[in-house]
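Asks: Pasting the sequence and the predicted coordinates here, then a few questions.
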Amino acid sequence: MNLLLQTTLRGAVLFALVFLLDRMCCGRMRARSRRLWWWLIPAAFLTPVYFTIGIPTNTLPVLARTLEATTPAYSATSPLKNGSHAVEVPVLILIWLSGVVTYLSLLFGRTLVVSRHWSHERLSTDSRLLNLLEDCKQEMRITAPVGLIVSPIVRGPALLGWIRPRILLPAELVDTLSRAQLRAIILHELTHARLFDVQLNWIFSLACAVHWFNPFSHLTFAAWRQLQEEVADETAIERTDDPSGNFYGEALLSALAQSHGLKIPFGALFLGEPIYNLKRRFHMIRNYAHKTSRHLLASVVALFLIALVVVRPVRATDTGSQDVLNVVTTSAMRAATEWDAADYAALWNELSPDSQKRIGSLDAFVRVNEPYRAQLGKLMERKLISVSGPHDSDGKPMVPGDIVTVKFMDSFEHAAGLTQILWFKKGADGTWGLCGNRFRQ
């Protein structure tokens with residue numbers, strides 16, 4: 001759950017940055033360059049990995065922090081009456097999983113219904129339209145097959161499907177527009193196919209599914225859909241050899257005039273949009289000649305945002321801190337081995353004085369640990385995954401009350417994939433003692 005909260009917060013922050021950048025640059029930079037930024041947001045929502053930078057004196061802290069950032073937290077196991085083990089899943093995780101399953105079920109269900117319907121529609125055999133489509137494909141350097149469906153059912157031009165894409169054109173629109181206007185509309189739709197917009201929409205949909213509770217994931221998808229249309233508009237204007245955008249704007253108005261009524265098929269990239277988005281698109285068309293690509297600037301900004309998403313700075317630790325980490329790591333390995341072997345007397349000596357005082361006696365310590373150890377069974381595998389610290393509860397380094405956290409990935413006879421967490425605290429005499437131990441799955 002902690003990992004989910006980290007990624008959802010990271011995605012929300014990146015959305016705010018990209019949104020501000022987009023608003024600052026939309027008047028001078030074309031949408032094709034600005035789209036480099038927007039696909040980074042679902043990457044931030046869906047990528048749980050951090051890469052660390054810094055110059056540590058030992059590789060262990062860097063590796064530890066990296067693994068710690070990418071290791072999910074789980075709940076502990078609980079015994080069943082028959083001796084097997086089940087996983088206690090927190091309520092919040094159940095609610096989140098229910099939302100993810102519901103979102104994906106609706107998405108795939110509606111997609112399947114629409115796909116089955118339109119896959120049975122007959123493709124157009126009009127040689128005039130097919131020749132125009134092939135000319136446009138050649139101009140856009142598209143070699144993959146793209147079907148063309150002319151139907152009175154659909155009320156606006158759209159692109160549907162990503163395995164076998166189809167351009168949907170209203171029959172009334174085909175009879176009304178000139179060949180040059182139809183060419184502009186087809187170029188618009190082929191731009192979506194050329195840039196793999198339908199496939200990218202699935203990535204944005206997955207981010208919305210995983211982070212269904214975060215409104216910024218849905219706002220990101222809405223902004224991306226609008227940007228897709230602006231990119232397709234720009235490409236169509238560029239291909240019509242009319243930098244003023246007047247010709248394409250007239251073709252777009254003609255298409256939109258007939259796009260009222262029935263809704264566009266679910267999952268299709270529709271040429272039309274709500275009125276508040278259309279106003280922005282026509283403003284872009286009118287000012288197209290005044291905008292530049294600025295690919296270099298967009299690429300530099302994109303690289304900066306990528307670094308922001310996947311790089312986490314790590315403070316190098318000094319030699320004293322490294323010595324502490326080495327001592328504590330050795331103590332943690334020894335304590336874990338003593339716990340496996342049920343050598344509670346030796347493990348009792350590993351505890352800090354405060355922990356011994358809190359527990360009371362060795363007998364009380366055995367009563368706490370013995371049932372749980374028997375429940376897990378024999379150790380099958382153990383691997384060190386992280387060491388973090390030394391720090392206090394506020395994250396400040398090397399002050400009285402320092403705590404070092406050591407994590408192992410354990411697999412026992414009756415429970416696999418347990419994360420064992422041990423906390424060590426520095427006592428008044430400067431020695432480090434075990435002050436806590438916890439298993440999470």
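Replies: Cool, the structure landed. Numbers count the residues shown, from 1 in each chain.
Asks: need the contact list for the closest residue to residue 210 other than its chain neighbours.
Replies: In space, not counting the residues next to it along the chain, residue 210 is nearest to residue 100; the distance is 6.1 Å by C-beta to C-beta, 6 or more residues apart in numbering. C-beta here means a position set from N, CA and C on the backbone, and glycine is covered the same way. Residues in contact with residue 100, defined by C-beta atoms under 8 Å, 6 or more residues apart in numbering, are 209-210, 212.
Asks: Residue 160: neighbouring residues, count only.
Replies: 26 (other C-beta atoms under 10 Å).
Asks: For it, give its distance to residue 192.
Replies: Here the distance between residue 160 and residue 192 works out to 10 Å (C-beta to C-beta, to the nearest Å).
Asks: Pretty sure residue 18 sits against residue 37.
Replies: Yes: here residue 18 lies in contact with residue 37, judged by C-beta atoms under 8 Å, at a distance of 4.7 Å.
Asks: tell me, what's touching the two both at once?
Replies: Shared contacts of residue 18 and residue 37, defined by C-beta under 8 Å, 6+ apart, are found at residue 305.
Asks: mean confidence for stretch 359-379?
Replies: Per-residue pLDDT values over stretch 359-379 give a mean of 86.
Asks: Quick one: low-confidence residue ranges for the stretch 151-300 of the chain.
Replies: Within the stretch 151-300 of the chain, the stretches with pLDDT under 70 are 242-245, 256-295, 298.
Asks: which residues in it form strands?
Replies: Shown for the stretch 151-300 of the chain, the strands assigned by DSSP state E, counting those that start in this stretch span residues 158-160, 166-170, 269-270.
Asks: Return the distance of the longest strand anywhere in the chain from the chain's centre.
Replies: Across the chain, the longest stretch assigned as strand under DSSP state E is strand 379-391. Between the mean C-alpha location of strand 379-391 and the chain-wide mean there is a distance of 27 Å, by C-alpha atoms, centre = their mean, to the nearest Å.
Asks: can you check stretch 137-152 too?
Replies: How far stretch 137-152 lies from its chain's middle: 32 Å, per C-alpha atoms, centre = their mean.
Asks: Could you check the longest helix seen in the chain and say which residues are buried?
Replies: When every helix of the chain is counted residue by residue (DSSP state H), the longest turns out to be helix 91-119. Along helix 91-119, the positions that meet the burial threshold by neighbour count (16 or more other C-beta atoms under 10 Å) are 96, 100, 103-104, 107, 111, 114-115, 118.
Asks: May I see those arranged in TSV, with pLDDT as well?
Replies: As requested, those are arranged in TSV below (pLDDT from 0 to 100):
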residue	pLDDT
96	90
100	93
103	92
104	92
107	89
111	85
114	81
115	80
118	78
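Asks: Just give me the closest of these to residue 139.
Replies: Distance from residue 139 was checked for each of the buried residues of helix 91-119 by C-beta to C-beta. The minimum falls on residue 118, at 25.5 Å.
Asks: Hmm, residue 160 and that closest one touching each other?
Replies: Yes: look at residue 118 against residue 160 with C-beta under 8 Å: they come within range, at 5.8 Å.
Asks: related to what we said a few turns ago, hey, what's the angle from the longest helix of the chain to strand 166-170? Just curious.
Replies: Per axes from the mean of the first three to the mean of the last three C-alpha atoms, to 10 degrees, the angle that helix 91-119 makes with strand 166-170 is 70 degrees.
Asks: I'd like to know which elements the very next helix or strand once past helix 91-119 is packed against.
Replies: Moving toward the C-terminus from helix 91-119, the next helix or strand (DSSP states H and E) is helix 127-140. Packing partners of helix 127-140 (3 or more C-beta pairs under 8 Å, 6 or more residues apart in numbering; DSSP states H and E): strand 147-151, helix 179-194.
Asks: among the ones you listed, which is the most enclosed?
Replies: Stretch with highest mean neighbour count among these: helix 179-194 (a mean of 22; mean count of other C-beta atoms under 10 Å).
Asks: so where's the stretch 301-441 of the chain shaky on pLDDT?
Replies: Applying pLDDT under 70 to the predicted model, the residue ranges of the stretch 301-441 of the chain that meet it are 308-323, 389-401.
Asks: OK, contacts around the spatially most central residue of the chain?
Replies: The C-alpha lying nearest the average C-alpha coordinate of the chain belongs to residue 46 (C-alpha atoms, centre = their mean; 1.6 Å). If you count contacts by C-beta under 8 Å, 6+ apart, residue 46 has them with 7, 203, 206-207, 210.
Asks: Please repeat the previous calculation with a cut-off of 6 Å.
Replies: When contacts are counted by C-beta atoms under 6 Å, 6 or more residues apart in numbering, residue 46 is found next to residue 207.
Asks: What backbone torsions are found at it?
Replies: Taking degrees, to the nearest 10, you get phi -110, psi -10 for the backbone angles of residue 46.
Asks: sorry, back to before: the residue nearest to residue 210 and residue 8, how far apart?
Replies: The gap separating residue 100 from residue 8 is 13 Å, by C-beta to C-beta.
Asks: ok, now residue 372?
Replies: 33 Å.
Asks: How about residue 427?
Replies: As defined by C-beta to C-beta, residue 427 lies at a distance of 39 Å from residue 8.
Asks: Who are the packing partners of the host helix or strand of residue 338?
Replies: Secondary structure from DSSP H and E places residue 338 in helix 319-340. Helix 319-340 makes packing contacts with helix 344-350, strand 379-391 when contacts are defined by 3 or more C-beta pairs under 6 Å, 6 or more residues apart in numbering; DSSP states H and E.
Asks: Nearest to residue 216 among these would be which one?
Replies: Of all the helices and strands packed on helix 319-340, strand 379-391 sits nearest to residue 216, with 29.0 Å by C-beta to C-beta.
Asks: CA atoms of the next helix or strand after the closest one as CSV?
Replies: Next along the chain after strand 379-391, taking DSSP H and E as the criterion, comes strand 403-412. Listed next in CSV are the C-alpha coordinates belonging to strand 403-412 (Å, rounded to 0.1, in the frame of the first residue of the first chain):
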residue,chain,number,x,y,z
ILE,A,403,17.7,3.6,14.4
VAL,A,404,18.8,1.3,11.6
THR,A,405,16.3,-0.8,9.7
VAL,A,406,17.3,-4.2,8.2
LYS,A,407,15.0,-6.1,5.8
PHE,A,408,15.2,-9.7,4.7
MET,A,409,13.1,-11.6,2.2
ASP,A,410,12.3,-15.0,3.8
SER,A,411,10.6,-18.1,2.6
PHE,A,412,9.5,-20.6,5.3
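Asks: Off-centre distance for strand 403-412?
Replies: Between the centre of strand 403-412 and the centre of its chain there are 27 Å (C-alpha atoms, centre = their mean).
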